[in-house]
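A.B. asks: Sequence and predicted model, in that order:
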Amino acid sequence: MGSLSLPHLLVVGIVLLVLFGRGKVSSIMGEVGKGITAFKKGVKEGDAEIEAARDVTPQSEKDKV
């Protein structure tokens, strides 16, 4: 099974527009964008929590790791 080329993606895009209409497709893409933004924010906050937990670890335990 090969990868998707530009003509394949164009056909898929046209079919989506025909099936759902421009308004629905744009609202779906907006929701996808919001989801990606929320995911990135969550990853960033998780990294910050991990760093905060490392800062609290006593020095004697840091030497063991």
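C.D. replies: That came in fine, so what should we check first?
A.B. asks: remind me which residues of the chain are low pLDDT?
C.D. replies: Residues of the chain meeting the criterion pLDDT under 70: 1, 56-65.
A.B. asks: which stretches of it form strands?
C.D. replies: Per DSSP state E, the chain carries no strands over any range.
A.B. asks: Can you tell me which residue is spatially central in it?
C.D. replies: residue 36 (3.5 Å; C-alpha atoms, centre = their mean).
A.B. asks: biggest helix in the protein, by residue count?
C.D. replies: helix 6-56 (DSSP state H).
A.B. asks: Point out the other helices and strands that that helix packs with.
C.D. replies: Contacts defined by 3 or more C-beta pairs under 8 Å, 6 or more residues apart in numbering; DSSP states H and E place helix 6-56 against no helix or strand at all. Using the backbone N, CA and C atoms, a C-beta is placed for each residue, glycine as well.
A.B. asks: what distance separates it from the middle of the whole chain?
C.D. replies: Centre-to-centre, helix 6-56 and its host chain are 5 Å apart (C-alpha atoms, centre = their mean, to the nearest Å).
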